[in-house]
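S.K.: A predicted structure for the sequence below; I have some questions about it.
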There are 2 protein chains.
Amino acid sequence: MLFDFFKRKKKSAKEAAERLHIILAHERGMTRLPFFDDLKADLIKVLSKYTNTKDSLDIRVNRQDGYDILEINVPIKNKAKRQKTPA
Amino acid sequence: MLFDFFKRKKKSAKEAAERLHIILAHERGMTRLPFFDDLKADLIKVLSKYTNTKDSLDIRVNRQDGYDILEINVPIKNKAKRQKTPA
């Protein structure tokens, strides 16, 4: 099940609290969608604006419970605490 | 549980097959992250490049099982079938 990802990570709650999890899910053939690679690259680009993706980006593609899953986990603690969004 | 979102949608499998689900999850205070609104806007912008977000974007913010969850569901069938990514 998709939620197993989160449950596993929840065991190390301190670490989990400092991470953003992005999951992209589609019922079939997601990685064969004509735009999949571009969408994935764009998501990573967006995440890199707000988080520390350079060293610690964790990307997985799985098939679980009938869904194609792209999961990206990224630490946010450094930038997130420093960065202020202009109002 | 987070996966309940998907399970509920799976009942209408034909519809689910034509949708992309994006989930952004964080263990605490996600909506209070200084960059949350910007990140959400950027994700929607990225999705709009590849999917039909104009009419059918479904955005929910929830708290489930200890996680703050931003869920975006979007139909992809029209653009996805027409669009070809340049190699």
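M.R.: Nice, thanks for sending it over.

S.K.: all strands for chain A, in order.
M.R.: In chain A, the segments counted as strands under DSSP state E are A:19-26, A:58-64, A:67-75.

S.K.: Among those strands, which comes closest to chain B?
M.R.: With C-beta to the nearest C-beta, the closest approach to chain B among the strands of chain A belongs to strand A:19-26: 4.3 Å. Bear in mind the C-beta positions are built from the backbone N, C-alpha and C, glycine included.

S.K.: re the thing from before, out of the strands of chain A, which one sits most buried?
M.R.: strand A:19-26 (a mean of 22; mean count of other C-beta atoms under 10 Å in any protein chain shown).

S.K.: avg pLDDT for that one?
M.R.: Averaging pLDDT along strand A:19-26 yields 89.

S.K.: elements contacting the longest helix along chain A?
M.R.: If you go by DSSP state H, chain A has its longest helix at helix A:36-50. With contacts taken as 3 or more C-beta pairs under 8 Å, 6 or more residues apart in numbering or on different chains; DSSP states H and E, helix A:36-50 sits against strand A:19-26, helix A:53-56, strand A:67-75, helix B:36-50.

S.K.: can you redo these as JSON lines with distance to residue B:63?
M.R.: Converted to JSON lines, the helices and strands packed on helix A:36-50 look like this (distance: least, C-beta to C-beta, whole Å):
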{"stretch": "strand A:19-26", "distance to residue B:63": "14"}
{"stretch": "helix A:53-56", "distance to residue B:63": "25"}
{"stretch": "strand A:67-75", "distance to residue B:63": "19"}
{"stretch": "helix B:36-50", "distance to residue B:63": "14"}
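
S.K.: and these, which one is worst for confidence?
M.R.: Of all the helices and strands packed on helix A:36-50, helix A:53-56 has the smallest average pLDDT, which comes to a mean of 70.

S.K.: before we move on, the earlier item: distance to residue B:38 added to the strands of chain A, as CSV?
M.R.: CSV is the format used below for the strands of chain A (distance: least, C-beta to C-beta, whole Å):
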stretch, distance to residue B:38
strand A:19-26, 13
strand A:58-64, 22
strand A:67-75, 15
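
S.K.: CA atoms of stretch A:40-57 as PDB?
M.R.: Coordinates of each C-alpha in stretch A:40-57 appear next as PDB, following Å, rounded to 0.1, in the frame of the first residue of the first chain:
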ATOM      1  CA  LYS A  40       9.300  14.600 -13.000                       C
ATOM      2  CA  ALA A  41      12.000  17.000 -13.900                       C
ATOM      3  CA  ASP A  42       9.700  20.000 -13.400                       C
ATOM      4  CA  LEU A  43       8.700  18.700 -10.000                       C
ATOM      5  CA  ILE A  44      12.300  18.300  -8.900                       C
ATOM      6  CA  LYS A  45      13.000  21.800 -10.200                       C
ATOM      7  CA  VAL A  46      10.100  23.200  -8.100                       C
ATOM      8  CA  LEU A  47      11.300  21.300  -5.000                       C
ATOM      9  CA  SER A  48      14.800  22.600  -5.500                       C
ATOM     10  CA  LYS A  49      13.500  26.200  -5.100                       C
ATOM     11  CA  TYR A  50      12.300  25.500  -1.600                       C
ATOM     12  CA  THR A  51      14.300  22.600  -0.200                       C
ATOM     13  CA  ASN A  52      17.800  21.100  -0.100                       C
ATOM     14  CA  THR A  53      17.600  18.800  -3.000                       C
ATOM     15  CA  LYS A  54      21.200  18.800  -4.100                       C
ATOM     16  CA  ASP A  55      22.500  16.200  -1.700                       C
ATOM     17  CA  SER A  56      19.500  14.400  -0.300                       C
ATOM     18  CA  LEU A  57      16.900  13.900  -3.000                       C
END
